[in-house]
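Enquirer: let me see the structure of the following:
(chains A and B)
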Amino acid sequence: MLANLPALQVVLPLMAAPICLILRRADWAWAFSLIVTWCCFAISILLLLQVQTVGDISYPMGDWAAPWGIEYKVDLLSAFLLVIVSAIGSVVMPYARRSVEAEVPGPRIYLFYTMYLLCLCGLLGIAITGDAFNLFVFLEVSSLSSYVLISMGRYRRSLTAAYRYLIMGTVGATFYIIGVGMMYMMTGTLNMADLAARIPAVADTRTIQVAIAFIIVGLGLKLAIFPLHMWLPNAYTFAPSVVTIFLASTATKIAVYALLRMVFTVFGGAPLFVVAQALMMLAVVAMFVGSLVAIYQSNIKRMLAYSSIAQIGYMVLGISFISAIGLTGGIIHLFNHALVKGALFMAVGCMFLRLESVRLEDMAGIGKRMPVTMACFLIAGLGLIGVPLTAGFISKWYLVLAAFEKDMWYIAALVLASSLLAVIYVWRVVEVAYFKPVPPGANEIAEAPISMLVPLCILTGASVYFGIDATRTVDIAADAANFLMRGMMP
Amino acid sequence: MVVPLIGGGLILATGSRPNVREIMTLLTACLLFFCVASIVPLIAAGGRPSITLLEMLPGLNITFTIEPLGMVFACVASFLWIVTTIYAIGYMRGHHEVNQTRFYFYFAVAISSAMGIAFAGNMMTLFIFYEVLTLSTFPLVTHHGTEESKKAGRVYLGILIGTSIGFLLFAIVWTYVLTGTLDFTEGGILGGKAEKPVIAVLLLLYMFGIGKAALMPFHRWLPAAMVAPTPVSALLHAVAVVKAGVFTVIKVIVYLFGIDTLNGTVGAAVLAVVAAVTLLLSAMIAMRKDNLKARLAYSTISQLSYIVLGAAMATGAGVVAAGMHIVMHATAKITLFFCAGAILVASHKTKISQLNGIGRRMPFTMICFLIGSLGIIGLPPAGGALSKWYLMMGAAEADQIIFMFVWMTSSLLSAAYLLPIVHRAFFRAPTKDEEHHSDDHSDDGEGIKEAPIFCLIGLGTAAVLTVVAFFLADDLAQLLAPLAGK
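Expert: Numbers count the residues shown, from 1 in each chain, chains lettered A, B, ... in the order given. A predicted model of the protein is given here:
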């Protein structure tokens, strides 16, 4: 079985989804999904350990050898992403029980978990596949299921938010597949490793250059880099809490991964020299615009959504440095942000459960009424700012270090300045939660239920733990970055 | 460092029984001082114990190394914690403060982070605990939870985190890029690694980045933090927080830059000017303040610049003197703040103009105030006299006579803003509206009495310390001598 782990990683949730469809009862669907996601997490950990000890794993599906067959390749970067996605996927499940009950209409809950499993499958598939077209397939699987998940929110606007994401997401995926099609036209293969071997010969043709452009724009849309981010705020705000948590922590990270994979592994990093400047500028703009707009939001979920846009800016900034340290910073921020944003959205979800609102004004005095939730929010917020002893600091450190290495001290200053903006929007919530008295007519509310508090505390604790002892994650990220940079000249 | 944290936990646990909780705090404080004091002989003999806790990032560890300056800071902070706790017991109860458990808990955390700063073995460790100190003192500053404290909290946090992330972190990463390490080393790590202008810019980034040292224009947080209860102002803003700031300044100058690297550079000169300006300007502002705590706050800003100026001399004597002044100022200022708090508790007065004749009612308090004032002004028998002497020697050694004049002028200014208070207290008759305040007290109808007994004990001890420091000054100088690289 160990040899077949790469296949199992994807097949398990894929097969589980229709079974979930059959299990009509909400409880059973939940329990089943819980087991499946935990198994996926276990598999991803095993894969990571395997890659760390043995080296890259190459697994031809159905024993049909590449380049004709679809090959799954697991290297350090893929394994890392697999762990991130499945970890979030599994931590969210115990949390999901109460949250989904409250937000999704009862008869539809089993559909919710079906889609959840499909989304998980899609995301994991993107991380593990070694075939460009297969990536598109999984991209669409995860996107379509996430459109459905978002539309299940309670608001009327959930539907329109999902629709907008559908349109923009399909545009993105279509751009990507056009790019892949052009590459196929020029090289005759879809396997990533094979493409990497054949592309240098045809790299100067107009077709390939256009293909690169299409792919970068297409994936850029998926990862919500400014200015292709328009779908994100509404999608995060109006989706059910669990969906927001899951997507915010995984979907955009996987898109970043896809970008890295295509740019570095397939194209050998060459296109980066052309687009690095542009990416850097867009990243900086994202950092500032995202944070600035976040400051003015009165809906906490929307505020965190704009914050995510800023954080994605950091990740892209790391990539645009074209250095091992910059890449390390970007990759490690994938991990750290997943933890921090996951924790933040979980805390907001807890508040939504009790308060039925995510507006800032309604949060008055919540520090007293839901102390644990708010404490976790505060700690995760500090992680967002990048205070030392939190995971966010580690990413910021590497990004600033990368900037200095390139003598781009002004970029370093910009990174730090935007972190200060994060202080403002986090502190707005802190002030309202702790300093405003509880309004006199407010209902008695309790702390969030244990099933939701425990995952929240786990994620918050992880964000602190990996801020204190970051060696493990940094080593993985650094190794992955070095591997990616191998083919590139300094 | 762990001791206060455990203590903090115990405080939280016994929160519902005030007396037990107070005992816990006292015990923890005493235990901490005992631990710290026991290391002193080792350091004096030249030992430099060091432990590495863990590797945070590849190549960067969280390390603790004990050396003379850190030793001094730790002793000051831990001993004064004991004194402050005694005082706080009296103050918090006399003033009927709420949320006392929360107060003592965050106090313990703040002291713990101050210990972390004192014993940090490299800049990264120091930075971590520096930030923890800012965050843990925030609940203390905004203790009262009013609109006013919220606004003050914003200024406090905004300036401190703004400077630390914006300038200090920037400088730290830059240093790391230049030298590949952040360890504190005798003689500095930046020697010869960069051009003079770069050193100058880096130095200024550090100095302005260390917002806790309250160099202008980043000094506004200090007066803003006066909304805190007086024990907070006393320990944290006369001792722990601000001393952490100037301690970091000295540490950076001595162990990251190296005195020799800085001597005679433009950077050091600019720093000296900034410090001197801050010194004089804040002293002048202090003279105009009627609110007692505000006056003391600006006095603190001025005194902190003494220390920065001493370090900016970039001479051995200057640096040793700066270290000494940490002790002298801490004892003197804490005395003054204790007095201010005692006056507040006993008579609800905050303005100096209201203090006419209060010396007759609270003689003990005002005499201690006089002693503290002597320490700030720099007159014997208070310790401040000797640290000022050493500071001026440091200036002489650096051939910077002008700064000697700066210090002498500031002594005059300090006299101008402190002695009138004493004069008012003893030699002016009380005004008519003093009668109103006597009705505010539930237990006496005779007017203002002395402060609660615990406050007085704290007060008295601090004042005594100020004088004791005078006699210990030479030993202190001996202990700090390695700083000068001798």
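Enquirer: can you pull the residues of the stretch 151-300 of chain B lying near chain A?
Expert: Counting by Cβ under 8 Å from any Cβ of the partner chain, the residues of the stretch 151-300 of chain B close to chain A are B:154, B:157-158, B:161-162, B:165-166, B:169-170, B:173-174, B:176-177. No exception for glycine: its C-beta is placed from N, CA and C like everyone else's.
Enquirer: distance to A:L344, secondary structure and pLDDT for these - can I get that in CSV?
Expert: As requested, those are exported to CSV (distance: Cβ to Cβ, whole Å; DSSP: H, G, I helix; E, B strand; the rest coil; pLDDT from 0 to 100):
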residue, distance to A:L344, secondary structure, pLDDT
B:R154, 21, helix, 86
B:L157, 19, helix, 86
B:G158, 22, helix, 86
B:I161, 19, helix, 87
B:G162, 22, helix, 87
B:I165, 19, helix, 85
B:G166, 23, helix, 84
B:L169, 22, helix, 88
B:F170, 26, helix, 88
B:V173, 26, helix, 86
B:W174, 31, helix, 85
B:Y176, 29, helix, 85
B:V177, 31, helix, 83
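Enquirer: nearest to B:I199, of those residues?
Expert: B:W174 (10.9 Å; Cβ to Cβ).
Enquirer: distance between stretch A:383-401 and the chain's centre?
Expert: Averaging C-alpha positions (Cα atoms, centre = their mean, to the nearest Å) puts stretch A:383-401 18 Å from its chain's average.
Enquirer: and for stretch A:426-437?
Expert: Stretch A:426-437 sits 28 Å away from the centroid of its parent chain (Cα atoms, centre = their mean).
Enquirer: on that earlier part again, would you reformat the residues of the stretch 151-300 of chain B next to chain A as TSV and include neighbour count?
Expert: Converted to TSV, those look like this (neighbours: other Cβ atoms under 10 Å in any protein chain shown):
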residue	neighbour count
B:R154	17
B:L157	21
B:G158	18
B:I161	21
B:G162	18
B:I165	26
B:G166	19
B:L169	25
B:F170	24
B:V173	25
B:W174	21
B:Y176	20
B:V177	18
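Enquirer: what segments of chain A are strands?
Expert: Here chain A has its strands, by DSSP state E, at A:57-60, A:71-74.
Enquirer: revised request: answer the last question for chain B.
Expert: Secondary structure of chain B (DSSP E): strands at B:50-57, B:60-65.
Enquirer: about what we covered before: for the residues of the stretch 151-300 of chain B next to chain A, work out which two are farthest apart.
Expert: Farthest-apart pair in these is B:R154 and B:V177; separation 32.8 Å (Cβ to Cβ).
Enquirer: re earlier: out of the strands of chain A, which one sits most buried?
Expert: When you average the neighbours per residue for each of those (mean count of other Cβ atoms under 10 Å in any protein chain shown), strand A:71-74 leads with a mean of 23.
Enquirer: so what touches that one?
Expert: Residues outside strand A:71-74 that contact it (Cβ atoms under 8 Å, 6 or more residues apart in numbering or on different chains): A:6-7, A:10, A:47, A:50-51, A:56-61, A:65, A:82, A:128-131, A:191-193.
Enquirer: ranking the strands of chain A by mean pLDDT, which is last?
Expert: Per-stretch mean pLDDT for these is lowest at strand A:57-60 (a mean of 81).
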